[in-house]
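>>> Sequence plus the predicted model coming up.
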Amino acid sequence: MFNKSISILGVMTLGCAIFGNTSLLAQTSGSRTLNNSATNLQVPLTRNQAAMDAERVIVQQRLAQKSKSSAASHLVRGSTVNPGIAQADSTSQLIANGYRAYPPSCLSDPLPDTPVAPAYSTLVDLAELDPSTHSLVVETVTISIWRVACSSSSAATSGYNSATLMRIQRQAQYEGDSNKYPYFPGVRIAQNNVNFDDTQFRDFIRVPIEPNTVISTTYVDDPVINSTTYVLEYFPSSISYTQNFNSAFNMRFDNFFNGGQVFLGVPAYAPTQATYPAAFQPQPLSGYLSANYYDPNHSGEGINIEVDELANGQRVLFFAWFTYDDLGFPYWISGSNGFNAGDTSINVPTGYGSNGGFAGAFGAKAPQTLWGNVGFTFPDCNHVTMQYASLSGLPAHTPSGSGVLNWQRLTTVNGLTCE
C-alpha cells in the first residue's frame with residue numbers, strides 16, 4: 001500500500017525505473033471496468049503527467065494564497081452568506097470561512113454516505129496501479145452529485161441555500177481494497193461565462209471530506225480506498241467570485257488518460273415540497289440557534305435561548321424569558337429540557353423563582369415554582385416560534401396566559417454563524 005501523500009507521479013517513476021516504459025501499458029485483464037463505462041479510452045493507457053502536475057500545483061498555489069491574505073477573507077458575525085463573494089472584514093478571533101459555500105449550520109461531520117434524490121450520477125473510469133504488473137489500469141466508479149437543504153432565512157430576497165455533495169462509490173467487490181485502488185480525478189466546474197480550462201483557473205473547486213473547512217481539499221491522485229463523500233467548496237481566493245453551487249453548473253472528471261474526461265450537468269437548486277421537503281421544515285435544534293430573540297414592535301421584552309451539551313453528551317435547551325408582571329415590573333421565567341439530535345421542536349416545563357434577593361442577598365437557592373410550559377420551533381435560523389401556556393391559579397400579578405409568538409433573532413453567538 002502506498003502512502004496517501006505519494007502521488008501517482010512517484011509510483012510511475014518507480015515503475016519506469018524498474019520495468020522500463022512498458023509499465024505505462026494497461027493490462028486489460030487487470031482493469032475493473034463495467035460494460036457501460038462512460039469513457040472511450042485509447043490504448044495504450046498513458047496519462048498526461050504534465051497536466052496532472054499542473055493541476056496539483058495550481059491547487060497548492062490557490063491554498064497558499066490564504067496564508068498570505070488579510071482578515072478581509074473572514075466574516076463579521078451574523079452576516080448573511082453571499083455565495084462566491086468574499087465577506088466583510090473582521091478582527092474577531094472566532095470566525096467563519098468568509099468564502100463559504102453554504103451556511104455553517106447546514107452540515108456536520110461525518111458527511112452522509114447515501115445520495116438522496118434528486119441526485120445526478122455518472123460512471124467514471126479512474127486510474128489505478130495494478131501492483132501485480134506495475135501497470136496502469138482503470139476502475140469504473142459511480143460519481144454522484146446531490147444537494148442538502150440548508151436554512152434559508154433570506155430565501156425571499158436571496159434565494160434558497162444548499163450544500164452540494166459529491167460521492168465516489170466503488171463497486172461492492174472492490175470496496176476497501178487497499179492493495180489496488182483508484183486515484184482521485186481532476187474535478188472542474190463550468191458555470192456562466194467560465195468554461196473548463198479557464199485561463200484564470202476559475203473552474204477549480206475544493207473537494208474536502210469534512211464540512212466547514214477553509215483550505216482542506218482532496219488532491220488529484222489521492223487514493224480512493226473506500227467509497228467517500230466530499231463537499232464542494234470555494235477556494236479562499238478571487239476565483240470563487242464567479243461560482244455559486246446553488247446555480248446550475250457542469251462538472252468535468254478527468255483521469256488524465258487520452259479520452260478520459262467525463263461530464264455531468266447539475267441543474268439549479270430550486271426546492272419544492274416534493275423535491276426538497278427539508279427546505280421547508282423547521283431547523284433541527286443545535287447550538288447555531290442559540291441567541292437572543294425579541295419582537296421589534298415591543299422592544300424591552302425578549303428571550304435568551306441556549307442550546308447546550310452536558311458533560312455526559314445530553315443535549316439541552318435552556319431559556320430565560322425576560323418580561324413584565326401585571327404591575328409593569330420586570331419579571332422572568334425560565335426552563336430547560338433535553339432533546340435528541342435531529343429534533344426540530346421541544347416543549348420545556350417552565351418555572352419562576354421567588355423569595356430571592358439582589359446580588360446574592362438570599363439563601364443558597366431561591367425556590368422555584370412551576371409556571372407552565374413553553375414550546376419552541378425554529379422556522380429558520382433567524383426566527384423562533386413560541387407556544388406558551390401558564391397554569392391556572394398562579395399568584396396575583398404573575399404573568400399568565402396562553403398564545404403563540406413569532407420573534408426574530410437579535411444577536412448571534414460569536415463563531416456560530418447561522419444563516
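Great, that's in hand.

>>> what stretches of the stretch 301-419 of the chain score poorly on pLDDT?
419 (pLDDT under 70).

>>> Do a quick rundown of the helices in it.
For the stretch 301-419 of the chain, helices defined by DSSP state H, counting those that start in this stretch do not occur.

>>> Which parts of it are strands?
Read by DSSP state E, counting those that start in this stretch, the stretch 301-419 of the chain holds these strands, from start to end of the chain: 302-309, 315-324, 330-339, 345-353, 368-380, 383-390, 402-409.

>>> Using the record, which stretches count as separate domains in this protein?
Per automatic domain parsing, the domain ranges recorded for the chain read 8-278, 287-409.

>>> What is the longest strand of this structure by residue count?
For the chain, the strand that runs over the most residues, judged by DSSP state E, is strand 135-149.

>>> Would you mind writing the CA trace of that one as CSV?
Listed in CSV are the C-alpha atoms of strand 135-149, where the atom choice follows Å, rounded to 0.1, in the frame of the first residue of the first chain:
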residue,chain,number,x,y,z
SER,A,135,0.8,-1.3,-14.9
LEU,A,136,-1.8,1.3,-15.2
VAL,A,137,-5.4,0.0,-15.4
VAL,A,138,-8.8,1.6,-14.7
GLU,A,139,-11.6,1.0,-12.3
THR,A,140,-15.1,2.2,-13.0
VAL,A,141,-16.8,4.1,-10.2
THR,A,142,-20.0,5.9,-9.8
ILE,A,143,-19.8,9.6,-9.1
SER,A,144,-23.0,11.2,-7.7
ILE,A,145,-23.8,14.9,-7.0
TRP,A,146,-26.7,15.9,-4.8
ARG,A,147,-27.7,18.8,-2.5
VAL,A,148,-28.6,19.1,1.1
ALA,A,149,-31.3,21.7,2.0
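
>>> quick one on the thing from earlier: comparing the domains of the chain, which yields the minimum mean pLDDT?
Taking the average pLDDT of each of the domains of the chain, the minimum falls on domain 8-278, with a mean of 78.

>>> Tell me the gap between that one and the middle of its chain.
Domain 8-278 has its average C-alpha position 14 Å from the chain's average C-alpha position, going by CA atoms, centre = their mean, to the nearest Å.

>>> mind listing what residue 275 touches?
Residue 275 makes contact with 117-118 under the criterion CB atoms under 8 Å, 6 or more residues apart in numbering. Yep, even glycine has a C-beta here, placed from its N, CA and C like the rest.

>>> I'd guessed residue 195 sits against residue 202; true?
No. The criterion here is CB atoms under 8 Å, and residue 195 misses it with residue 202 at 9.2 Å.

>>> Just want to know which of the two has more residues nearby.
residue 202 (23 against 13; other CB atoms under 10 Å).

>>> how about residue 105, secondary structure?
Here residue 105 is recorded as helix under DSSP: H, G, I helix; E, B strand; the rest coil.

>>> longest helix of this protein?
Using DSSP state H, we find that the single longest helix of the chain is helix 49-68.

>>> End to end on stretch 279-298, go ahead and measure it.
In stretch 279-298, first residue to last residue: 30 Å (CA to CA, to the nearest Å).

>>> Buried residues, the longest helix of the chain. List them.
Taking 16 or more other CB atoms under 10 Å as the basis for neighbour counts, the residues of helix 49-68 that come out buried are 52, 55-56, 59, 62-63.

>>> just stretch 332-342 next, same as before
Counting neighbours by 16+ other CB under 10 Å, stretch 332-342 gives 333-337, 339 as buried.

>>> Could you report the neighbour count for residue 350?
Residue 350 has 21 neighbours, counted by other CB under 10 Å.

>>> And for residue 272?
Using other CB under 10 Å as the criterion, the residues surrounding residue 272 number 9.

>>> where along the stretch 101-250 of the chain do the strands fall?
Listed in chain order, the strands of the stretch 101-250 of the chain (DSSP E, counting those that start in this stretch) span residues 119-130, 135-149, 162-169, 186-190, 228-231, 249-254.

>>> Check the buried residues of stretch 332-342 against residue 208 and report the nearest one.
The shortest gap between residue 208 and any of the buried residues of stretch 332-342 belongs to residue 339, at 29.6 Å (CB to CB).

>>> wait, what's in contact with the closest one?
Under the criterion of CB under 8 Å, 6+ apart, the contact list for residue 339 reads 285, 315-317, 346.

>>> Could you identify which of those has the most neighbours?
For those, counting by other CB under 10 Å, the largest number of neighbours falls to residue 285: 23 neighbours.

>>> three-state assignment of it?
At residue 285 the chain is in coil, as set by three-state DSSP.

>>> Quick check: it touching residue 315?
Yes. Residue 285 lies in contact with residue 315 (CB under 8 Å); the separation is 7.2 Å.

>>> Touching both of those two, which residues are there?
307, 339.

>>> circling back to that earlier point, residue 350: which of the strands of the stretch 101-250 of the chain is closest?
Minimum separation from residue 350 across the strands of the stretch 101-250 of the chain (CB to CB) falls at strand 135-149, 31.6 Å.

>>> Mind giving me the packing neighbours of the closest one?
Strand 135-149 is packed against strand 119-130, strand 162-169, strand 261-266, with contacts defined by 3 or more CB pairs under 8 Å, 6 or more residues apart in numbering; DSSP states H and E.

>>> try 10 Å this time
The elements that strand 135-149 packs onto, with contact taken as 3 or more CB pairs under 10 Å, 6 or more residues apart in numbering; DSSP states H and E, are helix 8-19, strand 119-130, strand 162-169, strand 228-231, strand 249-254, strand 261-266.

>>> Out of these, which one sits most buried?
Counting by mean count of other CB atoms under 10 Å, strand 162-169 has the highest mean neighbour count of the helices and strands packed on strand 135-149, with a mean of 22.

>>> OK, contacts around the spatially closest residue to residue 356 that is not a sequence neighbour?
For residue 356, ignoring the flanking residues on the chain, the nearest one in space by CB to CB, 6 or more residues apart in numbering is residue 366 at 3.7 Å. With contacts taken as CB atoms under 10 Å, 6 or more residues apart in numbering, residue 366 has the following neighbours: 352-357.
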